[in-house]
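1. sharing a model prediction with you, sequence too.
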Amino acid sequence: MTVKQLAETLSLWQHIEGVASATLGEGYQLPLDVLARIPIVRSRATRRLGSYVSKGTQPVCIRLQFAQEPEVLKQTFLHEVAHACDHLFSTQFCRSYRRPHGPGWQGWAQALGVATQSVGHSPSVEALHRKRQKLVAVCQHCGAKFYRVRRLSKGRRYIHQRCGGLLRPVE
């Protein structure tokens, strides 16, 4: 799936085209054909709703967690499209893309109608994260239990910050 295909599925492609032409005005051209071909990749992450990935001047993909609610998915998608637009526009003029939530991105986000915050919230993704968590350690001093998605690294000693007890990994 590509940006254009998902945008058309969500009825957002005309909105994106309109914002690009209105934001840049005469004389500037956002490479919409490049934006349209950026692949959309399903993300397994449960702590982030989406991310824009680039390498140098080239966009690589947009990762999205599709378990989120439909309206949140639209906002997340537009948030990542704003990153792509900012990156494509910056690199078109040989400027480095170093401030992902800086003024350039904020301009694109506002034009696309997205809140200029860097972190979103989805109850569905949060529930998915809680479901994936498993017991990884127990404090030998106070008995506190620690849950994580990933296991603790082997060969390391972990100390409970509250009581100072040693954590015993659960296998």
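-> Received the coordinates, thanks. Residues are numbered from 1 along each chain as shown.

2. who's in contact with stretch 118-138?
-> 46-47, 49-50, 65, 67-69, 72, 75-76, 79, 101, 144-152, 158, 167-170 (CB atoms under 8 Å, 6 or more residues apart in numbering). For every residue, glycine as well, the C-beta is placed using N, CA and C.

3. now the residues you listed: which count as buried?
-> 46, 49-50, 65, 67-68, 72, 75-76, 79, 146, 158, 167, 169 (16 or more other CB atoms under 10 Å).

4. low pLDDT regions in the protein?
-> By pLDDT under 70, the low-scoring segments of the chain are 26-30, 92-98.

5. now the residue of it positioned farthest from its centre. Nearest residue, chain neighbours left out?
-> Centroid-distance maximum for the chain: residue 141 at 38.3 Å, with CA atoms, centre = their mean. The shortest distance from residue 141 to any non-neighbouring residue, by CB to CB, 6 or more residues apart in numbering, is to residue 165 (2.4 Å).

6. give me the number of neighbouring residues for that neighbour.
-> Residue 165: 17 surrounding residues under other CB atoms under 10 Å.

7. next, the contact list for it, please.
-> 139-142, 159.

8. which pair in those spans the largest distance?
-> Across those, the longest distance by CB to CB is 11.9 Å; it joins 142 and 159.

9. ok, and the closest residue to residue 1 other than its chain neighbours, which helix or strand is that part of?
-> Leaving aside its sequence neighbours, residue 1 sits nearest to residue 40 (CB to CB, 6+ apart; 4.6 Å). If you go by DSSP states H and E, residue 40 is part of strand 40-42.

10. got the buried residues for that strand?
-> residue 40.

11. tell me how far the residue nearest to residue 141 lies from residue 35.
-> Remark: distance between residue 165 and residue 35 (CB to CB, to the nearest Å) = 53 Å.

12. residue 57 too?
-> Counting by CB to CB, the gap from residue 57 to residue 35 is 14 Å.

13. what segments of the chain are strands?
-> 40-42, 50-55, 58-64, 134-139, 145-148, 167-169 (DSSP state E).

14. dump the ones you listed to a markdown table, plus distance to residue 4.
-> Formatted as a markdown table, those follow (distance: least, CB to CB, whole Å):
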| stretch | distance to residue 4 |
| --- | --- |
| strand 40-42 | 10 |
| strand 50-55 | 16 |
| strand 58-64 | 12 |
| strand 134-139 | 39 |
| strand 145-148 | 38 |
| strand 167-169 | 47 |
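
15. between residue 57 and residue 35, point out the one with more neighbours.
-> In this view residue 57 and residue 35 are compared by other CB under 10 Å, and residue 35 has more residues nearby, 21 against 13.

16. thought residue 85 was touching that one, still the case?
-> Yes: using CB atoms under 8 Å, residue 35 makes contact with residue 85 at a distance of 6.8 Å.
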